[in-house]
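# build me a model:
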Amino acid sequence: MDSADYTEVALRLANADLTDVESVRAALHEEPWWADRVRDSDLPLLREVAEGLRRALSAMVDAPDDAGTNPESPDPDGAVRAEVNALLAAHPPRPRLSGHGGRDGTPNWHVHVAGPDAPAVDEVVAAAAWGLAQGIVHHGTRRWGRCQAEDCRTYFLDTSTNQAKRFCSPRCANRVHVAAFRARKRA
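Predicted coordinates for the structure are as follows:
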C-alpha cells in the first residue's frame with residue numbers, strides 16, 4: 001500500500017457502519033487480508049478510532065471559510081492536529097518494508113504499517129491514523145468534504161481541479177439533481 005491507499009482506509013473506516021463484523025468486512029473489502037481477520041472483539045477499538053477520525057474530518061469540513069485569516073475564527077487546524085496526533089500516539093504505525101505479491105519473481109515493494117504477526121485491527125487503526133495524517137500532508141485541510149445529499153453524511157477527499165466537489169459519489173449527486181429537477185417540474 002502507499003499513503004493514498006491509507007488515506008482511503010481512513011475514509012472508509014470513518015464512513016463505515018461499525019455495528020457488526022460483517023459491516024466492517026464490507027467496508028474493508030479491498031483489503032481482504034484485514035477484512036477476513038477482523039473479530040467481534042475488535043469492534044470497540046474500531047469504533048473509537050472511527051470516532052476520532054470523524055472528529056478530525058468534521059473539524060476540517062466545518063471550518064469557517066475565513067479560518068486562519070480572521071483572528072475571530074476558531075482554530076480548526078489546531079483541533080485537527082490534536083485529533084490526528086492523538087490517533088497517531090495511540091495507534092502508531094510501525095512501518096516495515098514488504099515485497100510480496102510481485103510477478104515474475106520481481107518483488108512488489110510496499111510498506112505495511114504493522115508487523116506481520118500483528119492483529120488485523122492493529123494494522124487497520126494504524127493505517128487509518130497514518131492515512132489521515134498523510135492525506136492532510138499531501139492535500140491540506142481544505143479539500144475534505146461531507147456529502148451534501150440530505151440522507152448521506154459520507155466524508156470524502158476532493159481531489160478535483162476546481163475543488164467544487166459536493167457529493168461523495170455520482171449516485172448521490174444524481175439522486176439530488178433528479179429530485180431537484182422533479183421538484184421544479186411540479187412547481
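
# which stretches of the protein have low pLDDT?
By pLDDT under 70, the low-scoring segments of the chain are 1-4, 65-74.

# which residues of it fall in helices?
3-15, 21-27, 32-35, 43-61, 76-90, 120-139, 170-186 (DSSP state H).

# what's the burial count for residue 52?
22 (other CB atoms under 10 Å). For every residue, glycine as well, the C-beta is placed using N, CA and C.

# kindly report the same for residue 152.
Neighbourhood size, residue 152 [other CB under 10 Å]: 16.

# then residue 123?
Neighbours around residue 123, by other CB under 10 Å: 24.

# once you drop chain neighbours, what's closest to it?
Take residue 123 and drop its neighbours on the chain: the residue closest to it by CB to CB, 6 or more residues apart in numbering is residue 114, 3.8 Å away.

# distance of that neighbour relative to residue 122?
5 Å (CB to CB, to the nearest Å).

# more neighbours, these two?
Using other CB under 10 Å, the more surrounded residue of residue 114 and residue 122 is residue 114, with 22 against 18.

# residue 102 versus that one, what's the distance?
For residue 114, the distance to residue 102 - CB to CB - is 21 Å.

# so what's residue 80 up against?
Shown in contact with residue 80 (CB atoms under 8 Å, 6 or more residues apart in numbering): 56, 59-60, 136, 141.
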